[in-house]
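Participant: A predicted structure for the sequence below; I have some questions about it.
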Amino acid sequence: MLCIANIARQGSPQACANYSNVSQSTLSAGAVFHEHYQIIRAIRSGGMGEVYRAIDKRTGLAVAIKRMLVEAYGDGADESALYQAARFEEECKLLQNLRVPGVPTFVDSFLDGDRRVIVMEFIEGVDLEKQVMDQIGLAGADLPALQAVEYTIQVAKILEYLHAHRPRPIIHRDVKPANIIVRHQDNAIYLVDFGLAREVGGSASTKTAVGTVGYAPLEQYRGRPTTRTDQYSLGVTLHFMLSGQQPLPLQIEPLDKIKKDLPHELCWVVRKATQQEQEDRFDSVYDFRRELEKLVPALQQHQKNQELQDQAKDRISLMGPTEELTQEERPTQRVKIEGIHKEAEDPMKDFGLYHPLQNTISLQSDFQRQAMAAENQQRKGSVDLDRHDPGKTHKMILTVSIILLVAGICALYFLNGQQQRQIATSVAGPRYKVVEAHGFYRSSGKVGLNREKMGTLEYLLSFPHPANDGYLATLPKATRRLTFSNLPENNPVPFFVATLDEHGIVVTSKWLQADKGGWREAPTAYRKVHVDFNSPLAAPPFGAQVKTTAALDCTKASYAVIFLLPQPAPESLIFYEVGSL
């Protein structure tokens, strides 16, 4: 049963059925529920459950109580009610063990007769959909682009935690403005309503086509969601914040056609994240977030310029409107010339308010121009004074010098990182694109890996140092096996090698140690876990057997890493500059 077209507001497929066992009883304000929870008010009702705000009498803390709408554990429960019960049980099981920043904390779960109840931490705030609609209704404008991007970055970080969850990634499957809460206290973002969330590869099926119309991508209609499904929904949510328009199913209009004043780079990022085919989107929510973070400085400057323009408009508007009088409405004026009173031919000309090229008299425009000219003259005078102030000149020189020094250090930092990748590429080989490298140095035609043997300047420019030295490289497509060549010196320094998938999850891994022209190996416990340069590693005992070659399977991998634990000098891992992969 495909119910996705009927759940734009409910977020679950029970809207497709006519329940006969929906309980009409509600919890009234002031009532004590389950002995511990005093009901404050109902928050919302619809979909699979009703939500209340309450106070936990044991702790005094505010909680949110979510209760099933139907009685699903009795003898008269129908198939739809049993489906709802299964959803609630899955949500409860998932939330009990979930500790993710930006997700309300699980408090309790119990049965209220034949209905499951879930108690969560209550977030005092407003959902993003209401905030955007109130902004449009009250201010007549969409959410500022900078604020929309900052909200999206926060949600992306929450999704990154979910997608990196172990033992299996979690897909939310219902990311939308109504499920994003902006906390009043500090504008922190919380992601709520995990009724459709599922673990990838878990016992619960993800093949049912559920979601919210407009925010669900094509693969979700087909019942085959992935982590990029949440990326699409988040991209549509950002589109809604920037445009103020609710999305149509699978029809995301380009932002630059709706909002002409938005930066083209921002429109491109939103368009890429909302591509119909998931292969055309960003590789992960992490990549989506990093692209948005690059735009933040430009958006901050854009918002600052907009605020200055608005202040200038407000200043002019305070001077009052321009009043114009026609020729017939000109006031008569008598002027005294050599003791004789006579009516002036153009009476207002004497006061500098008559415009001979127009048949109107402006009583306000000259005043406005004079006020602005006086302000500009005052600014110019202060600038002239500054030019003759030697103290300010010295401060300006000092400021410029500091800026140039910082820019030079940043340039050296960038060049040092580029040099590290180049040295690592000479080790890995030209077929492999090195993404990140730390701790490499050249010595006597060979390449060493040990941060303690680097030059002083290179060592300082590598700050902050990660926990492990080594490199991360992209594997060419169709690479099935990595073979490691002999090292130029018989240095028994153990190092960790692994292949990773596109999310940084270990596919295969092992420890290697050069010994008498061959290799000694040791197994690792790192499999289906995330590793990076700051992962804590510890070399296990190596076996006695020495193999002539060492290889690593990489049929399902996208990256390869070599990590060396920090070694006290002079222990280094030495490579030929011909490629060890």
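Facilitator: Yep, that arrived.
Participant: and the longest helix for the chain?
Facilitator: Using DSSP state H to define each element, the chain has its longest helix at helix 390-428.
Participant: which is the succeeding secondary structure element to that helix?
Facilitator: Stepping forward along the backbone from helix 390-428, the first helix or strand reached (DSSP states H and E) is strand 433-438.
Participant: picking up where we left off before, and the longest helix of the chain, how far out from the chain middle?
Facilitator: Centroid displacement of helix 390-428 relative to its chain, using C-alpha atoms, centre = their mean, to the nearest Å, is 28 Å.
Participant: packing partners for that helix?
Facilitator: Applying 3 or more C-beta pairs under 8 Å, 6 or more residues apart in numbering; DSSP states H and E, one finds that helix 390-428 makes contact with strand 433-438, strand 440-443, strand 446-449, helix 456-461, strand 469-474. C-betas here are computed from N, CA, C, even on glycine.
Participant: worst mean pLDDT among those?
Facilitator: Mean pLDDT is lowest for helix 456-461 out of the helices and strands packed on helix 390-428, coming in at a mean of 76.
Participant: what's residue 52 in contact with, if anything?
Facilitator: Each residue near residue 52 by C-beta atoms under 8 Å, 6 or more residues apart in numbering is listed here: 27, 33, 39, 40, 41, 42, 43, 64, 65, 67.
Participant: so how far is residue 458 from it?
Facilitator: Here residue 52 is placed at a distance of 60 Å from residue 458 (C-beta to C-beta, to the nearest Å).
Participant: likewise residue 470?
Facilitator: Computed with C-beta to C-beta, the distance linking residue 470 and residue 458 is 16 Å.
Participant: ok, the two, which is more surrounded?
Facilitator: Higher neighbour count among residue 470 and residue 458: residue 470, with 23 against 17, using other C-beta atoms under 10 Å.
Participant: for the more buried one, which non-adjacent residue is closest in space?
Facilitator: Counting by C-beta to C-beta, 6 or more residues apart in numbering, residue 470 lies nearest to residue 563, which is 4.1 Å off, once chain neighbours are set aside.
Participant: so how far is the helix or strand encompassing that neighbour from its chain's centroid?
Facilitator: Following DSSP H and E, the helix or strand that holds residue 563 is strand 559-564. Centroid separation between strand 559-564 and its chain, computed with C-alpha atoms, centre = their mean, is 27 Å.
Participant: quick one: strands adjacent to that strand?
Facilitator: Strand 559-564 pairs in its sheet with strand 469-474 (antiparallel), strand 495-500 (antiparallel), by DSSP bridges.
Participant: what ranges do the helices span in the chain?
Facilitator: With DSSP H, the ranges of helices along the chain come out as 79-96, 128-134, 145-163, 218-221, 227-243, 255-258, 264-273, 285-318, 365-387, 390-428, 456-461.
Participant: any idea which of the helices and strands packed on helix 390-428 gets closest to residue 502?
Facilitator: Judged by C-beta to C-beta, the one of those that comes nearest to residue 502 is strand 469-474, at 10.0 Å.
Participant: report the backbone C-alpha coordinates of that closest one in CSV.
Facilitator: What follows is strand 469-474 as a C-alpha-only set of coordinates in CSV (Å, rounded to 0.1, in the frame of the first residue of the first chain):
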residue,chain,number,x,y,z
ASP,A,469,50.7,10.4,10.9
GLY,A,470,49.9,9.1,7.4
TYR,A,471,47.7,9.8,4.4
LEU,A,472,44.2,9.3,3.1
ALA,A,473,44.0,8.6,-0.7
THR,A,474,41.1,8.1,-3.1
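Participant: heads up, I number from 15, so please use that
Facilitator: With the count now opening at 15, the last piece we talked about shows up as strand 483-488.
Participant: other residues contacting that strand?
Facilitator: Under the criterion C-beta under 8 Å, 6+ apart, external residues in contact with strand 483-488 comprise 435, 438, 441-442, 446-454, 463-465, 509-510, 547, 572-580, 595.
Participant: distance between stretch 277-297 and the chain's centre?
Facilitator: Averaged C-alpha coordinates place stretch 277-297 at 14 Å from its chain's average position (C-alpha atoms, centre = their mean).
Participant: got it, and stretch 113-123?
Facilitator: Using C-alpha atoms, centre = their mean, the distance from the centre of stretch 113-123 to the centre of the chain it belongs to is 20 Å.
Participant: same thing with stretch 85-104?
Facilitator: For stretch 85-104, the distance from its own C-alpha centre to the chain's C-alpha centre is 36 Å (C-alpha atoms, centre = their mean).
Participant: over to it now: how far is its first residue from its last?
Facilitator: Chord length of stretch 85-104, first to last residue, is 17 Å (C-alpha to C-alpha, to the nearest Å).
Participant: buried residues in that stretch?
Facilitator: Across stretch 85-104, burial judged by 16 or more other C-beta atoms under 10 Å covers 85, 86, 91, 94, 95, 97, 98, 99, 101, 102, 104.
Participant: filter the contacts of strand 483-488 to the buried ones?
Facilitator: A residue is treated as buried here by neighbour count (16+ other C-beta under 10 Å); on that basis the buried members of these are 435, 438, 441-442, 446, 448, 450-454, 463-465, 509-510, 547, 572-579, 595.
Participant: tell me the domain boundaries of this protein?
Facilitator: The chain is divided into the following domains under automatic domain parsing: 15-136, 142-336, 422-589.
Participant: got the angle between the strand holding residue 577 and strand 447-452?
Facilitator: What separates the directions of strand 573-578 and strand 447-452 is an angle of 20 degrees, with axes from the mean of the first three to the mean of the last three C-alpha atoms, to 10 degrees.
Participant: which residues touch strand 573-578?
Facilitator: Outside strand 573-578, the residues that touch it by C-beta under 8 Å, 6+ apart are 442, 446, 449, 453, 463-464, 482-489, 496, 507, 509-516, 518, 545, 547, 549, 551, 566, 568, 587, 594-595.
Participant: circling back to that earlier point, between the strands paired with strand 573-578, which one is nearest to residue 226?
Facilitator: Among the strands paired with strand 573-578, strand 509-514 comes nearest to residue 226, with 32.7 Å by C-beta to C-beta.
Participant: contact partners of that closest one?
Facilitator: Applying C-beta under 8 Å, 6+ apart, the contact partners of strand 509-514 are 463, 482, 484, 489, 496, 498, 520-527, 538, 540, 545, 551, 553, 566-568, 571-579, 587.
Participant: just stretch 292-299 next, same as before
Facilitator: The set of residues external to stretch 292-299 that reach it, using C-beta under 8 Å, 6+ apart, is 170, 173-174, 177, 231-233, 240-246, 248-249, 286-289, 302, 305, 516-517.
Participant: buried among these? Make that a ChimeraX selection.
Facilitator: Buried members of the contacts of stretch 292-299 can be picked out in ChimeraX with the line below, counting by 16+ other C-beta under 10 Å:
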select :170,173,174,177,231,233,240,241,242,243,244,245,246,248,249,286,287,288,289,302,305,517
